[in-house]
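Visitor: The following block contains a protein sequence and its predicted model.
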Amino acid sequence: MSASSSSYATGTTTPATSRRRFLLGAATGVGAASSLLSRPNQSSATPIITNFPTTGADGRGITIATKLGNGSKRVAIANKESTSVTVRNTDGSLVGDFTVGTQPFGLTTDPMTGHVWVTLAGESRVVELDPVDGAVNSFGTTAITPSARGIVAGNGSVWVTNFDQANVTELDAKSGKVLSQFAVGTPLVSNPFGICLDDWGNLWIALTGENRIIRVNPRNGNIQKSVPLTVGVVPRAVTYHGGFVWAATTTSIVASVPNPNGTVAKIRARDGVLQAEIPVGPNCRDLVVVGDLVYVCCADSPHQVWEVDAVAEQVTRQFPVCLFPHGIAFDGDSLWVSSGTGPPDPTFNTKVTIESCTLL
């Protein structure tokens, strides 16, 4: 596998070769030809918002399941307060709500099998879910804690961040056997959250308690790079794409540092150099990179997805989605956003289609 990237606690596989432009707008004729010569005008594409009611509550991680045998894809969403993972076809039709355990939180897709792996915030185990028939394999171990958050799969392994214990557990993707465990900080202080893999097989982990991102060698647990962010910034989700690590951060927790909004951090993966911290909306929870565009969901009012130009390192626009958006993923045509709310508030997951989308 080339790279597997996990955003929020979500694993979303993004081909490392897709540095190609993601065009918004016409895909044929003069429009397509001219767009090869200049950057697209993102603001000209009007998002088509489709809401799908969900039987689950407090949506968290979201991932796109692939390799289903017929070339199709499915969307999986963790419902933290409903003990289930909702699976939909990419047209929005419901496949099923599959019970997996107490407080499902983080999701990732194994690029080898297409199975969805789930962390449980209320139990000491992880779950492997077949998105085709809903079959569940459960792997209980003391190496996984009820504070498990982030999860990413790749290269035959699954890695889980244990938030309170400040360590990472590696499991064999076939057997669920614990292969290794290594510390990445101080228990109850460092609070590792989001996790992703880069092209070289390194792990990148967001330490929410230390406002920094670290690069770890998964073979020995050694911390190779430490990337400090602005004081008061709280990184949550990380994802890798095209040579860069991207992180979504939440509102400042330091009263003396006024930072009402979250940011998108851009880090060069080969040397760990921070390239930019781009201000976006409040309380950023997750992000996904599509070609030269970064989409980040911000959970506080006005509950929007922000679009960032990855090259120019600036916001291009924002648009409203479901209440308290927590997770975001891209299925190859559309964005999917999970809603971190539940009754009595309306519960919807949102599909966002932005005209025609073409990778060149």
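Guide: Nice, thanks for sending it over.

Visitor: shaky segments in this structure?
Guide: Across the chain, residues meeting the criterion (pLDDT under 70) sit at 1-45, 55-57, 69, 251-260, 342-347, 355-360.

Visitor: check contacts around the closest residue to residue 76 other than its chain neighbours.
Guide: Leaving aside its chain neighbours, residue 76 sits nearest to residue 116 (4.7 Å; criterion: CB to CB, 6 or more residues apart in numbering). Quick note: C-beta positions are derived from backbone N, CA and C, even for glycine. With contacts defined as CB atoms under 8 Å, 6 or more residues apart in numbering, residue 116 is in contact with 63, 65, 76, 85, 87, 107-110, 128-131.

Visitor: Please, where are all the helices along this protein?
Guide: 29-35 (DSSP state H).

Visitor: Quick check: bridge partners of residue 76?
Guide: For residue 76, the beta-bridge partners are residue 63, residue 87 (DSSP bridges).

Visitor: Surely it is in contact with residue 62?
Guide: Yes. Residue 76 sits in contact with residue 62 when judged by CB atoms under 8 Å, with a separation of 6.9 Å.

Visitor: Can you check which residues contact both of these two?
Guide: Residues touching both residue 76 and residue 62 (CB under 8 Å, 6+ apart): residue 107.

Visitor: Residue 213 versus the residue nearest to residue 76, what's the distance?
Guide: Using CB to CB, to the nearest Å, one obtains 25 Å as the distance from residue 116 to residue 213.

Visitor: before we move on, what about residue 102?
Guide: Residue 102 sits at a distance of 29 Å from residue 213 (criterion: CB to CB).

Visitor: Which of these two has more residues huddled nearby?
Guide: For residue 102 and residue 213, the more surrounded residue by other CB atoms under 10 Å is residue 213, and the numbers stand at 26 against 14.

Visitor: Bridged to that one, which residues?
Guide: If you apply DSSP bridges, the partners that residue 213 bridges to are residue 206, residue 227.

Visitor: who are the neighbours in contact with it?
Guide: Taking CB under 8 Å, 6+ apart as the definition of contact, the neighbours of residue 213 are 204-207, 226-227, 229, 235, 238, 245, 247, 265, 267.
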